[in-house]
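Participant: Fold the stuff below for me.
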Amino acid sequence: MKKLTFLALIALFLSACSSVKVTTDWDPSADFRGYKTFNFSQSFDEIKVGDFDKRRIKNSISNELEKIGYVLSDQPDLLVNGYVTSVEKTVVTNTHYGGYGPYYYGWGGWYSTTDVNQYSEGTLIVSLIDVRNKQLVWEGRAEGIVQPSNAKKKTRATDEILRELFWKYPTK
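Facilitator: Numbers count the residues shown, from 1 in each chain. Alright, predicted model coming up:
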């Protein structure tokens, strides 16, 4: 299961941003101007991914929140929580060929091919929780297909995905 969620995370990191579906939602009654600080929840450290990937995600989230103007603090206004999952999918494609020969001279015959492709689709969810009110105020979701790669590409893709995730964040 840990390997499966790791692959899901790789999917998010290594897919181009255009192939990653990003959605966000937030509480319209929340006063985002009142938040000044953030930190990561204890459950964030329990995400079932490798340590390197967890650090990549944390660094990218920190960078994005700092760009908005928030400061990392031991007594935060917002707690950051995360969740990673993946689903194995199979696509079966049947293609049929056939028909008449040239100038309708004789039967050309039928034949078909069947292609079976398996892939993993992963999801990364980042949630921001108002510490004072103990309720969710913002959530971002990124979904994509697993594509293996190296460490530099993972870091670059993580940064791009989280930049896109926080792009529509309600500004202060």
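
Participant: so the most centrally placed residue in the chain, which of the three states?
Facilitator: In the chain, the C-alpha nearest the mean C-alpha coordinate belongs to residue 142, at 3.0 Å (C-alpha atoms, centre = their mean). Each residue gets one of three states, and residue 142 gets strand by DSSP: H, G, I helix; E, B strand; the rest coil.

Participant: Please compute how far stretch 79-89 lies from its chain's middle.
Facilitator: In terms of C-alpha atoms, centre = their mean, to the nearest Å, the centre of stretch 79-89 is found 8 Å from the chain centre.

Participant: What of stretch 125-142?
Facilitator: For stretch 125-142, the distance to the chain centre is 16 Å (C-alpha atoms, centre = their mean).

Participant: same thing with stretch 36-43?
Facilitator: Distance, centroid of stretch 36-43 to centroid of chain: 20 Å (C-alpha atoms, centre = their mean).

Participant: Mind listing what's buried along that stretch?
Facilitator: Across stretch 36-43, burial judged by 16 or more other C-beta atoms under 10 Å covers 38-41. Every C-beta, even on glycine, is put in place using the N, C-alpha and C of the backbone.
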